[in-house]
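1. With the sequence up front, the predicted model follows.
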Amino acid sequence: MANSKLMPVLPVAAYTSPEWFDLEQERIFSRTWAYAGFAEDVSEPGQYVSVQAGLNNIFIVMGRDRRLRAFHNICRHRGTQLLRAVGHTQSAIVCPYHDWTYDLEGALVSVPDRERQFPGVDLSDVALKPASVDLWRGMLWVHPDEGAGSIMEWFGDIEPRLGPHRVDELVEFPDTRTEHLVEANWKIVVENYIDGYHLAHLHSGTLAMYDHSRIASRFVGPHFAFWEPLVPEYAKRIEQNSPYPLVIPAEQAGAWVPMLFPGIGLAETESSWSVFHVTPLAPDRTRVVTRTRTANASIWAYMHQAVRSYGFWAGRIRGKFDGVGDSDDPMASGDFMAEDVYACEQQQRSLQSPYFEHGPSAVRGEAGVRRHQQLVQEWVAGDA
Ligand code: FES
Ligand SMILES: [Fe+2]
């Protein structure tokens, strides 16, 4: 391939080898702020949530003083994980193995048979190890390092390029959570998210309401900012034609779809606000969890909006999706997420072939992909 052509930055092994996977876990996912859920997930004393941040499992718990604290989820005795997933403890955290008990502020408060078994051990020497926790735009974040500082040092520069949404005023209805297990490397999933070139092609039917010719995107530090407006026909009649109540003023309608390094996408549109949480599970396996906030409106407002927009969408959908639902073909599903998962998995499969080689990369539409690859390379090399 001629040198004058733009080529991808990372080798194939970066997407297939356990060595790359381990280095990324250690040098990227253990050294960056990790998304841990929505603010309301931990809003009462004793409520907790745990999250994997690279090599570290960390839990956030609200103390009796209503302050959020984060701790490494490791019992100080023999290391058993203390808490799993999401829940509500009474007033103490009890290790399941030998019942060592910690208070909500991380202090070890009781050890069974202490006098006989642990003479001379000072409980205050064996408190839980703290991590960092912060709230940003309605989301909980943790960092394994207790001294990580303010989250604004990490996200402050990208914040002005996010959508004008008042995230705290939006609500999550029950069961918005979706989970996809994608048989592809996490970077393929992230690269797909920031690839502007595929939008008009893979999603020619499903994302046709956006004007992909007017995309504005750029990296701000390690984070990718992305905005695109609605197509004029849709923008003109947005108040009637949005299937859900609007969450920003009609004149600002469009989509802000940033990818926060290393793998937290946001999808901030005129009618909803979603997170797209990418977790690497293995070199060729990635979990994507989404959750969505929408307008804090009555069910009647939702129904009214759906009915108002029905006529506008029915005609367009009928022409575009003939045969939708007739088969298991993801390309006929009418679901842009299914289209993305399909494309990512097909790409991963080809990486195993000895005939695979990277082709030239689009100057503009794939500039973000190359930049993300460069960032991964720098972090893995320890240069970031
Ligand atoms: S490992 Fe937790 S009490 Fe023993
Ligand atoms: Fe896509």
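-> Sure thing, it's come through. Numbering: from 1, shown residues only. Ligands and ions are numbered 1, 2, ... in the order given.
2. Just list the residues touching the closest residue to residue 339 other than its chain neighbours, thanks.
-> Leaving aside its chain neighbours, residue 339 sits nearest to residue 202 (5.2 Å; criterion: CB to CB, 6 or more residues apart in numbering). For the C-beta atoms, the positions are set from N, CA and C on the backbone; glycine is no exception. Listed by CB atoms under 8 Å, 6 or more residues apart in numbering, the contact set of residue 202 reads 339-340, 343.
3. buried stuff in the lowest-mean-pLDDT helix or strand in the chain?
-> One helix or strand of the chain scores below all others by mean pLDDT, DSSP states H and E: helix 299-320, with a mean of 77. For helix 299-320, burial by neighbour count (16 or more other CB atoms under 10 Å) applies to 302, 305, 309, 312.
4. my guess is residue 226 meets residue 265, correct?
-> No - using CB atoms under 8 Å, residue 226 is not in contact with residue 265; the gap is 9.4 Å.
5. Overlap of the contact sets of these two?
-> 257-259.
6. Next step: those restricted to helices.
-> With DSSP state H as the criterion, helices contain none of these.
7. show me where the chain has helices.
-> 13-16, 18-24, 114-117, 152-155, 186-194, 199-202, 232-236, 238-241, 299-320, 336-350, 367-381.
8. any idea how far the longest one is from the chain center?
-> Computed by CA atoms, centre = their mean, to the nearest Å, the chain-centroid distance of helix 299-320 equals 29 Å.
9. Renumber starting at 7 from here on
-> With the count now opening at 7, the last piece we talked about shows up as helix 305-326.
10. Check which helices and strands it is in contact with.
-> Using 3 or more CB pairs under 8 Å, 6 or more residues apart in numbering; DSSP states H and E, the elements in contact with helix 305-326 are helix 244-247.
11. sorry, back to before: closest to ligand 1 among the shared contacts of residue 232 and residue 271?
-> residue 265 (38.2 Å; CB to the nearest ligand atom).
12. Test my guess that residue 49 contacts residue 68.
-> Yes - assessed by CB under 8 Å, residue 49 is found in contact with residue 68 at 7.0 Å.
13. Between the two, which has more neighbouring residues?
-> Neighbour tally, residue 49 and residue 68, criterion other CB atoms under 10 Å: the higher count belongs to residue 68, 19 against 11.
14. From residue 101, how far out is the more buried one?
-> 20 Å (CB to CB, to the nearest Å).
15. Residue 75 pairs with what?
-> With DSSP bridges as the criterion, residue 75 is bridged to residue 67.
16. Find the residue closest to the residue nearest the centre of the chain in space, skipping its chain neighbours.
-> What sits nearest the mean C-alpha location of the chain, by CA atoms, centre = their mean, is residue 283, with 2.1 Å. Closest residue in space to residue 283, ignoring its immediate chain neighbours: residue 295 at 4.6 Å, by CB to CB, 6+ apart.
17. So what touches the least confident helix or strand of the chain?
-> 211, 214, 243, 246-251, 301, 340.
18. Let's see the pLDDT reported for the residue nearest to the centre of the chain.
-> For residue 283, the pLDDT comes out at 98.
19. picking up where we left off before, select from the contacts of helix 305-326 the one having the most neighbours.
-> When neighbours are counted by other CB under 10 Å, residue 248 leads the contacts of helix 305-326 with 24 neighbours.
20. and the gap between the nearest residue to that residue once chain neighbours are set aside and residue 299?
-> Residue nearest to residue 248 in three dimensions, not counting chain neighbours: residue 277, with 4.8 Å by CB to CB, 6+ apart. Computed as CB to CB, the residue 277 to residue 299 distance reads 11 Å.
21. what touches both of those two?
-> Counting by CB under 8 Å, 6+ apart, residue 277 and residue 299 have no contacts in common.
22. Who are the contact partners of the residue nearest to residue 69 when sequence neighbours are not counted?
-> Spatial nearest neighbour of residue 69, chain neighbours left out: residue 110 (4.6 Å); criterion: CB to CB, 6+ apart. Contact analysis of residue 110 by CB under 8 Å, 6+ apart lists 51-52, 67-70, 75, 95, 97-99.
23. Now which of those residues would you call buried?
-> Burial by neighbour count, 16+ other CB under 10 Å: within the contacts of residue 110 this picks out 51-52, 67-68, 75, 95, 99.
24. how about CSV for the residues you listed, with pLDDT and distance to residue 221 added?
-> Output for the buried ones among the contacts of residue 110, formatted as CSV (pLDDT from 0 to 100; distance: CB to CB, whole Å):
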residue, pLDDT, distance to residue 221
51, 96, 45
52, 96, 45
67, 97, 41
68, 97, 40
75, 98, 41
95, 84, 46
99, 96, 47
